[in-house]
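Chemist: Need coordinates for the below:
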Amino acid sequence: MKEKIKKNILEKVISKFKFPLNMKRIGIDIGSDNLKAVAIDGKDINHYLKKINGKPIYALKETLDEIITKHGNEAYLGVTGVNSISLSDVLNEKQVISESIAIKEGIVFLDLDIKENGEFAVIDIGASNQRYYEFGKDKNNGKLILENYNLEDKCGGGSGLLLEHMAKRFEYGSIEELSNVANQTEKTIKLSAKCGVFRESDVVHQQQKGTLKEVLAASLYRASADSFKTILSNGMIPEGRIILIGGLSLSKAFVKHLIDVCKISTDRIITPKQGLHIGAIGAAIY
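Modeler: Got it, this is the predicted structure:
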């Protein structure tokens, strides 16, 4: 019964879109914790961000209602993200775009500096998992293709949700505050890189020993970077640009430790201002 109600809610809001030829474009990236959306009209991009709180369908409805109120209903709608499968029965298959394609299209649309050979890597650190993509040019037609993909989604070892949880445990107001505290020291201690549960247990043990909060905060980001390194086939990232996206790409503490752990030169790193919405942008224009 609940699924039928959800489907009816979606069908009502999605049916409002008319899809004219000269249309605005709306992209939705439904993650595990946040819904990111964009409304693109020519060169203008309007951004939306909403917490899902375990209810992706209702978060989507509220976002689309807001977009329709501001931009009208004559628009193309494309959807991507880990929760996009929940929309497969109310959208046609061309409107649901894989995350790798959406990311690639978003990068191309934003005209990021990926150099002439077109080979680049993407590190996507989200709320519940870590993803690593390698893109290159097809030798036959010169188009960008996905050449390698790795995913880490077990036990939340390197995820943003774990860091949000630990920020609350330390009584900080936000994950941003935790990142700022982590940057106050270069000292770290070894925490479990494979499992979020074990890592939290390590932190509790260290708190009981009197380890400083800033050291624990820095160590959490270090462990998240260590966790990412485990998904690389040989622990190394091939030469070329590296584009950081996802919520943790905004954390200076995480980026600092990622660069150190993976031995990346800073001139290879690109952190787009719209990195949080890059999947939504790609879904909109694909």
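
Chemist: Straight-line length of stretch 48-65, end to end?
Modeler: 12 Å (Cα to Cα, to the nearest Å).

Chemist: Can you point out the buried residues in that stretch?
Modeler: 48, 50, 52, 56-57, 59-61, 63-64 (16 or more other Cβ atoms under 10 Å). No exception for glycine: its C-beta is placed from N, CA and C like everyone else's.

Chemist: Identify the farthest-apart pair in those.
Modeler: 48 and 57 (16.0 Å; Cβ to Cβ).

Chemist: thinking again about what came up before, which of the buried residues of stretch 48-65 fall within helices?
Modeler: Among the buried residues of stretch 48-65, the members falling in helices are 56-57, 59-61, 63-64 (criterion: DSSP state H).

Chemist: Let's have the buried residues of stretch 48-65 in a markdown table, adding pLDDT and distance to residue 272.
Modeler: Below are the buried residues of stretch 48-65 laid out as a markdown table (pLDDT from 0 to 100; distance: Cβ to Cβ, whole Å):
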| residue | pLDDT | distance to residue 272 |
| --- | --- | --- |
| 48 | 97 | 17 |
| 50 | 95 | 20 |
| 52 | 90 | 23 |
| 56 | 85 | 25 |
| 57 | 84 | 29 |
| 59 | 90 | 24 |
| 60 | 90 | 24 |
| 61 | 90 | 28 |
| 63 | 94 | 21 |
| 64 | 92 | 25 |
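
Chemist: For residue 105, state which of those is nearest.
Modeler: The nearest one, if we look at the buried residues of stretch 48-65 relative to residue 105 and count by Cβ to Cβ, is residue 48, at 18.6 Å.

Chemist: could you list every residue that touches that closest one?
Modeler: Taking Cβ atoms under 8 Å, 6 or more residues apart in numbering as the criterion, residue 48 is in contact with 35-39, 63, 66-67.

Chemist: what bridges to it?
Modeler: residue 37 (DSSP bridges).

Chemist: before we move on, back to that, any of the contacts of residue 48 buried? List them.
Modeler: Of the contacts of residue 48, these count as buried by 16+ other Cβ under 10 Å: 35-39, 63, 67.

Chemist: So for this protein, which residue is the most central one in space?
Modeler: By Cα atoms, centre = their mean, the chain has its centre lying nearest to residue 246, at 2.8 Å.

Chemist: Give me the phi and psi for it.
Modeler: Per-residue torsions, residue 246: phi 90, psi 170 (degrees, to the nearest 10).

Chemist: you'd agree it is up against residue 126?
Modeler: Yes: using Cβ atoms under 8 Å, residue 246 makes contact with residue 126 at a distance of 4.5 Å.

Chemist: Now the common contact residues for those two.
Modeler: residue 160.

Chemist: follow-up on the earlier one: of all the buried residues of stretch 48-65, which comes closest to residue 220?
Modeler: Distances from residue 220 to the buried residues of stretch 48-65, taken by Cβ to Cβ, are shortest for residue 52, at 23.3 Å.

Chemist: What sits closest to that closest one if chain neighbours are left out?
Modeler: Once flanking residues are discounted, residue 52 sits nearest to residue 59: 4.7 Å by Cβ to Cβ, 6 or more residues apart in numbering.

Chemist: now residue 260
Modeler: residue 225 (7.4 Å).

Chemist: do residue 220 as well
Modeler: residue 166 (5.7 Å).

Chemist: Domains of the chain: list them as residue ranges, please.
Modeler: Domain assignment for the chain by automatic domain parsing gives 2-96, 114-275.

Chemist: What is the neighbour count of the nearest residue to residue 285 once chain neighbours are set aside?
Modeler: Ranked by Cβ to Cβ, 6+ apart and with sequence neighbours excluded, the top spatial neighbour of residue 285 is residue 109, at 5.2 Å. Number of residues near residue 109 (other Cβ atoms under 10 Å) recorded here: 17.

Chemist: So which other helices or strands are in contact with the strand or helix carrying residue 166?
Modeler: For residue 166, the enclosing helix or strand under DSSP states H and E is helix 160-169. Under the contact definition 3 or more Cβ pairs under 8 Å, 6 or more residues apart in numbering; DSSP states H and E, helix 160-169 sits against helix 175-182, helix 196-208, helix 213-229.

Chemist: Please identify the deepest-packed of these.
Modeler: Most buried of these, by mean neighbour count (mean count of other Cβ atoms under 10 Å): helix 213-229, with a mean of 23.

Chemist: Which SSE is immediately downstream of that helix?
Modeler: strand 241-245.

Chemist: Give me the sheet partners of that next one and which way each runs.
Modeler: Partners of strand 241-245 in its sheet, by DSSP bridges: strand 120-125 (parallel), strand 269-270 (parallel).

Chemist: No more questions from me, cheers.
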